[in-house]
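Visitor: need the 3D shape of this:
(chains A and B)
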2 protein chains.
Amino acid sequence: MTTLDDLLAPKSFALVGASDDPTRIGGRPISNLINQKFEGAIYPVNPKRDRVQGLPAYPSLSDVPGDVDFVLVAVPAPLVADQVRLAATKGAKAVMVFSSGFAETGGDGIAMQDELTRIARETGVRVIGPNCLGAFNSALNFYPTFTSTIDRATPTPGGISIASQSGAYGSHIYFASHLRGLGIRYWLTTGNEADVNVAEAVRLLAERDDVHTIMAYAESIKDGPLLVEALETARANRTPVIFMKVGRSEVGAAAASSHTASLAGEDEVYDAVLRQHGAWRARSTEEMLDIAYACRPRIYPAGKRLGVVTISGGAGVLIADAAEDAGLDVAPMPEAAQAELKAQLPFAAPRNPVDVTAQFFNDLSLIPRFLRTMLDEGGYDALIGFWTSVAGSPVLSAPLLAYLKETMAGYSDRLLLHVMLAPEEVEKQYDEAGFPHFEDATRTVAAAAALMAFGEAFARGRAPVPPLPAPAVLPDGALGEREAKALLAAAGLPVVEDVLATTAEEAVAATTGPVAMKIASRDIAHKTEAGGVALGVTTDKAAEAFTRIMASARAYAPDARLDGVLVSPMVEGGVECILGARTDPVFGPVVVFGLGGIFTEVLKDVSFRRAPFGVETARGMIDELKGAALLKGARGQPPADLDALAEAISKLSLFAAANAENISSVEMNPLRALPTGCLALDALIVRA
Amino acid sequence: MTTLDDLLAPKSFALVGASDDPTRIGGRPISNLINQKFEGAIYPVNPKRDRVQGLPAYPSLSDVPGDVDFVLVAVPAPLVADQVRLAATKGAKAVMVFSSGFAETGGDGIAMQDELTRIARETGVRVIGPNCLGAFNSALNFYPTFTSTIDRATPTPGGISIASQSGAYGSHIYFASHLRGLGIRYWLTTGNEADVNVAEAVRLLAERDDVHTIMAYAESIKDGPLLVEALETARANRTPVIFMKVGRSEVGAAAASSHTASLAGEDEVYDAVLRQHGAWRARSTEEMLDIAYACRPRIYPAGKRLGVVTISGGAGVLIADAAEDAGLDVAPMPEAAQAELKAQLPFAAPRNPVDVTAQFFNDLSLIPRFLRTMLDEGGYDALIGFWTSVAGSPVLSAPLLAYLKETMAGYSDRLLLHVMLAPEEVEKQYDEAGFPHFEDATRTVAAAAALMAFGEAFARGRAPVPPLPAPAVLPDGALGEREAKALLAAAGLPVVEDVLATTAEEAVAATTGPVAMKIASRDIAHKTEAGGVALGVTTDKAAEAFTRIMASARAYAPDARLDGVLVSPMVEGGVECILGARTDPVFGPVVVFGLGGIFTEVLKDVSFRRAPFGVETARGMIDELKGAALLKGARGQPPADLDALAEAISKLSLFAAANAENISSVEMNPLRALPTGCLALDALIVRA
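Guide: Below you'll find the model as predicted:
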């Protein structure tokens, strides 16, 4: 199995298409390796020159003495495949392809890229690119990239690493990180992803002890299950993954697909999968960098209780607002602890946010005393201190920091973030003390929320998945409501019982109370349109309803095979839901759950999870609906049986996963969530 | 009428409670004025010293020679009122009170603060504070504040000014602005607001030609109508107001009210009023500063079409996502213009986002050529250019900027924002060229969205308001459904017609089709609970229904006066809405509109506007509902008559405004939005 060392820790490096000009694409990597003192062998390949940038050059890759671990190819697209094959014969573990003109241009480019994929599969050589901007391993001074930023912004190795599908945007992220003082260890751009893709890059990074935090950027994911494995590898190693998946919007998705020539899949599914497997989806580059920066102390509190201590009441209000937006709990201090603070400072706001007030200027020791009370009595998972420009005050800066260090020395596993405006040298002192700090209070809260989410995801671990059932045996022919219900019932899913009536007499016999009657035909998908549905039918009207439904269906579809009419009891009350499963092009079977009607159709209030999953995950799907209150007894309704609902959602996920090869979608609509149990009143299954 | 010069442009200044120690609250303002070379007279008042910080001191304010324009008071709370009275006799236009211990401490403090308000009203002297941190006018070097930041961060006068209720947070905003290089002209903190409040501060700033942009911060607003006037003054002068109203969250609101001792009102109403009157509500300090910074060129496009040009396809995707989040329209280039770009560069993405690709490195002139085509053919209201670290490249920086300046010289009224990573000296060159720039693409989009919102608000101007009707004459006694309907119908609002039946015979006669019957009694508010409602009653059941309703109501409330039963036709179809008006403690009468049932109760999908307003504003209320699609014909329904709906909403706003003194709330629930017209089926009016 490939490791990151196979890709980015070579002992020897060859560049096919090497240029003597260090500003050219084929020249810059060599110049980088020379300037940054890469210790391995460097072999420029150029049939027209003896020497390249002062190094001996070789006419062909085959002329290079011995094996070469890493081959970089920068020749026109049609010539690339031969060079990759040649690299494989030279024992290369990795071939990186800068050349463009592959799938991103369509037509022949697609075939040429497929060829690269085939060579990789056949020879075992790993191909990075084509149309890629490069990578680096800063600890080994290995810089196979033509980005112009390496000389201007030489990386300082640190615990953060970057995997990016986009080269140009990957460079932007790297440069912005550098300006923020974030040390980057590995940086890998994957371009068109003929072989190595961004999901695998994340997995390779997640396996490393020297990678503490991963920033990832992608416009599309080529291998959803691999991404899931990558995220779970990171979770198991307590490595935060901060993921920017762009192309959320319609225009963005269109731009992304024209840019990477790959189908993005549904954005809501990305959202769900990233959260389900413990990653944080960042909405902006700044957010991604903020979180990576705040991860440096590697403290991930496994809860959502936030304590806030300020020297400005206004800041406390603002931070409380931002915390609520971020879903954090600004829980009040215990009454006794509040009294304790009040005893120390009558003017203080002791509840949380705790306000030390301007009294702080007169007695700095209030800070450590208040902080300790909050840490000991408040039970907060994380704390934010608001010090504004006082942290940089010539008089107060040093004693404040000394107090903070002294206090937190006793609580080394507790997260304390700081909001402050201070000169660079003071900021450095905070960084060295392991105190992340921000100028903006709202950004501080957002970073805290992400760290707490990581803490919860790490503590929870990978969600256990019940064993999959055996795949269902599908009957021949089209699947009608009856067949769908039977398959789901056999899988333990709650579907309403029905009786197939083939004559008016049978229909009457089956009508024991008010019933629903529906035409039973595999050939009629739109039963209502066909006049094939009657609701609330009572015994006296059953025969007439049967006859009418059969006649309407016959008139609507003269060639359809009519099995008869399904008779099922009317189910009243409860909350109408929709439960379904479908095959996402990226992640495979996913389950979707929502409230019925307008909730799903107008408000798009639905939740997704990748199948299969257990009951706990299903509960999470219910809870995240905006209209969840309806299921919990809003508007005077009795609450729905959430246990039964979660059970059904989880069971459908197992069914969908077990039958992913044969079934492309399942819909239980409506699924009625009742005070006791839940029941699908109709069902549809579509074959793959 | 007070002007800002009355408050912050004094010729003479006295400080009562002056300290010789420049680090003390009573010493710092004097030290500020001396150090910053304030040109007016400075009179320290201190009965114990002859000289204060080298200046002659006076035992009492009355000993100061002649009149004093500005008096600052820093003595214990119980002594303040006398000093304010004394200041009035010395001809002071403004008295600023640093002292705390007023309303924020409750009890006696409230009475002492009320006394200051009374003195201000009686004498005409304007009181700033108490419990305030000060203010400044940087153009006149006037720094009556005890913030410690003035020496460390001396303001550079610029077009931006700050009004803040919170002193400490106001200082934070000022300091953060200073670090961002934003020149601040006026800074005014209002503290407990015994007299001058933050709404008035905004108005005073909005009147000035030397104020180009206003940043405001408040935890509560004491005078809603004054804030509205302030915002409209700013709009009339094309001065953007960026407003942080904190205390949105439950914990935040609780912290705010304990901090400022004033009632905040409903957050949704603030949201609506700020938008209604052209201000931008910022959610974070960073956002506020970003927008103020981006306002510097004073270009406010009156549309939402955003053009994006990048040198990285990935950045284009990201920016398109952010633009959709911000409600902007990343409209495609016209086909012909796309062809033109493709002709220049076959690899380009010409649609919008436009990607110049890395080809840009080889031919920088692509940038001006592409930009011109976008400006000429794309019709974009604003453009964002993504240059990343290339803008700071030693080789490309200068020619890129030269191209940008040359290009934009022909389009001086068009907004171009830049995303770039560059050294400070390059950033300065962009600033001097009038090019706002950000490191983060998402922040750039957010700033563009705000500037475009200002442009639209300025172009739209103050919304015209139809004339108010005469106040309604309310009948004596409690108001029942019948009285409420009659009042609303008289005001031109659409309410269902009904007939009062006092006998079973009359009820039968009134039942011409299926009808609703409801008990008519001013003494019964909860008709359903009283068994006083029957729906869908037909002629044959009318007598029985009448008798049953009367009996139930009598049993439910033996002492209630029963007028009879209201009979009205059943109205089916359409979309159930809620339309109401109520009196906000801050802003007075506000109208609330939403879809019925779960939309309002579970999803809180309602919109607010301050009354009175016209039909256009009402249309905006409809459009901003998340469920608006339901009114526009979602799910196969016929669309509702939006004209009639908007008309009704506007009319209710006029009714509410005209009757604000006598009526505290109106509810038309349900209001059925029909394909033709709309109709309230029930109504409730509560007296003030």
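Visitor: how about the residues of the stretch 551-688 of chain A by chain B?
Guide: Taking Cβ under 8 Å from any Cβ of the partner chain, the part of the stretch 551-688 of chain A that reaches chain B is made up of A:Gly597, A:Ile598, A:Glu601, A:Val602, A:Leu603, A:Lys626, A:Gly627, A:Ala629, A:Leu630, A:Ala634, A:Arg635. (Each C-beta comes from the backbone N, C-alpha and C, glycine too.)
Visitor: shaky segments in chain A?
Guide: Under the criterion pLDDT under 70, the flagged ranges of chain A are A:257-265.
Visitor: interface residues of the stretch 201-350 of chain A facing chain B?
Guide: A:217, A:219, A:244, A:246-256, A:258-260, A:283-287, A:311-318, A:320-325, A:330, A:347, A:349.
Visitor: looking at these, which are in strands?
Guide: Secondary structure assignment (DSSP state E) places A:Tyr217, A:Met244 from these within strands.
Visitor: of the residues of the stretch 201-350 of chain A next to chain B, keep whichever come out buried.
Guide: Neighbour-count burial within these applies to A:217, A:219, A:244, A:246-249, A:251-256, A:258-260, A:283-287, A:311-318, A:320-325, A:330, A:349; the criterion is 16 or more other Cβ atoms under 10 Å in any protein chain shown.
Visitor: list the buried residues in stretch A:509-526.
Guide: A:Ala510, A:Thr511, A:Val515, A:Ala516, A:Met517, A:Lys518, A:Ile519, A:Ala520, A:Ser521, A:Arg522, A:Asp523, A:Ile524.
Visitor: how about the fifth one, secondary structure?
Guide: For A:Met517, the secondary-structure state derived from DSSP: H, G, I helix; E, B strand; the rest coil is strand.
Visitor: for it, which non-adjacent residue is spatially closest?
Guide: In space, and not counting its chain neighbours, A:Met517 is closest to A:Ala534: 4.6 Å by Cβ to Cβ, 6 or more residues apart in numbering or on different chains.
Visitor: thinking again about what came up before, now flag whichever of the buried residues of stretch A:509-526 is closest to A:Pro670.
Guide: A:Ala516 (11.3 Å; Cβ to Cβ).
Visitor: show me what contacts the residue nearest the centre of chain A?
Guide: Closest to where the C-alpha atoms of chain A average out (Cα atoms, centre = their mean) is A:Leu274, at 2.0 Å. With contacts taken as Cβ atoms under 8 Å, 6 or more residues apart in numbering or on different chains, A:Leu274 has the following neighbours: A:Leu231, A:Phe243, A:Lys245, A:Trp280, A:Arg281.
Visitor: next: A:Ala628.
Guide: Taking Cβ under 8 Å, 6+ apart, one finds A:Ile622 in contact with A:Ala628.
Visitor: what's it sitting at in phi/psi?
Guide: Backbone dihedrals for A:Ala628, given as degrees, to the nearest 10, come out at phi -50, psi -30.
Visitor: now find how far off-centre stretch A:111-131 is within its chain.
Guide: In terms of Cα atoms, centre = their mean, to the nearest Å, the centre of stretch A:111-131 is found 27 Å from the chain centre.
Visitor: typo on my end, it should be stretch A:288-302
Guide: Distance, centroid of stretch A:288-302 to centroid of chain: 17 Å (Cα atoms, centre = their mean).
Visitor: could you pick out the longest helix of chain A?
Guide: Within chain A, and with DSSP state H defining each element, the longest helix by residue count is helix A:441-460.
Visitor: buried stuff in that one?
Guide: Neighbour-count burial for helix A:441-460, counted by 16+ other Cβ under 10 Å, picks out A:441-458.
Visitor: do the same with stretch A:143-155
Guide: By neighbour count with 16+ other Cβ under 10 Å, stretch A:143-155 contains the buried residues A:Tyr143, A:Pro144, A:Thr145, A:Phe146, A:Thr147, A:Ser148, A:Thr149, A:Ile150, A:Ala153, A:Pro155.
Visitor: A:Met621 belongs to a helix?
Guide: Yes. Assignment of A:Met621 by three-state DSSP places it within a helix.
Visitor: name the nearest residue to it, ignoring sequence neighbours.
Guide: Closest to A:Met621 by Cβ to Cβ, 6+ apart is A:Ser607, at 4.2 Å.
Visitor: for A:Gly596, see how far away the one you found is.
Guide: As judged by Cβ to Cβ, to the nearest Å, A:Ser607 and A:Gly596 stand 14 Å apart.
Visitor: now A:Asp563
Guide: 27 Å.
Visitor: dump stretch A:469-480 to CSV, restricted to CA.
Guide: C-alpha atoms of stretch A:469-480 as CSV (Å, rounded to 0.1, in the frame of the first residue of the first chain):
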residue,chain,number,x,y,z
PRO,A,469,-28.8,-8.1,5.9
ALA,A,470,-28.4,-10.4,2.9
PRO,A,471,-29.3,-8.7,-0.3
ALA,A,472,-33.0,-9.0,-1.2
VAL,A,473,-34.0,-11.2,-4.0
LEU,A,474,-35.9,-9.0,-6.4
PRO,A,475,-38.9,-10.4,-8.3
ASP,A,476,-38.7,-10.4,-12.1
GLY,A,477,-40.2,-7.5,-14.0
ALA,A,478,-41.1,-4.0,-12.9
LEU,A,479,-41.6,-3.3,-9.2
GLY,A,480,-45.0,-2.0,-8.2
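Visitor: what's next to that stretch, contact-wise?
Guide: Contact partners of stretch A:469-480, identified using Cβ under 8 Å, 6+ apart, comprise A:483, A:487, A:490-491, A:520-524, A:563, A:654-655, A:658-659, A:661-663, A:684-687.
Visitor: re the thing from before, could the buried residues of stretch A:143-155 be laid out in JSON lines, adding distance to A:Val575 and secondary structure?
Guide: Rendered in JSON lines, the data for those read as follows (distance: Cβ to Cβ, whole Å; DSSP: H, G, I helix; E, B strand; the rest coil):
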{"residue": "A:Tyr143", "distance to A:Val575": "59", "secondary structure": "coil"}
{"residue": "A:Pro144", "distance to A:Val575": "57", "secondary structure": "coil"}
{"residue": "A:Thr145", "distance to A:Val575": "55", "secondary structure": "strand"}
{"residue": "A:Phe146", "distance to A:Val575": "58", "secondary structure": "coil"}
{"residue": "A:Thr147", "distance to A:Val575": "54", "secondary structure": "coil"}
{"residue": "A:Ser148", "distance to A:Val575": "58", "secondary structure": "coil"}
{"residue": "A:Thr149", "distance to A:Val575": "55", "secondary structure": "helix"}
{"residue": "A:Ile150", "distance to A:Val575": "58", "secondary structure": "helix"}
{"residue": "A:Ala153", "distance to A:Val575": "56", "secondary structure": "coil"}
{"residue": "A:Pro155", "distance to A:Val575": "55", "secondary structure": "coil"}
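Visitor: if we look at chain B, which of those are close to it?
Guide: When the buried residues of stretch A:143-155 are checked against chain B using Cβ under 8 Å from any Cβ, the ones in range are A:Ser148, A:Thr149, A:Ala153.
Visitor: map the structural domains onto the sequence of chain A.
Guide: Listed by automatic domain parsing, the domain ranges of chain A are A:1-131, A:155-296, A:306-460, A:497-569, A:575-687.
Visitor: to B:Arg49, which of those domains lies closest?
Guide: When those are compared by Cβ to Cβ, domain A:306-460 sits nearest B:Arg49, at 21.8 Å.
Visitor: all strands of the stretch 151-300 of chain A, in order?
Guide: Secondary structure of the stretch 151-300 of chain A, counting by DSSP state E, counting those that start in this stretch: strands at A:160-164, A:184-189, A:213-218, A:241-245, A:280-281.
Visitor: mind giving me the packing neighbours of the last one?
Guide: Other helices and strands packing on strand A:280-281, by 3 or more Cβ pairs under 8 Å, 6 or more residues apart in numbering or on different chains; DSSP states H and E, are strand A:241-245, helix A:267-276, helix A:441-460.
Visitor: brilliant, that's me finished.
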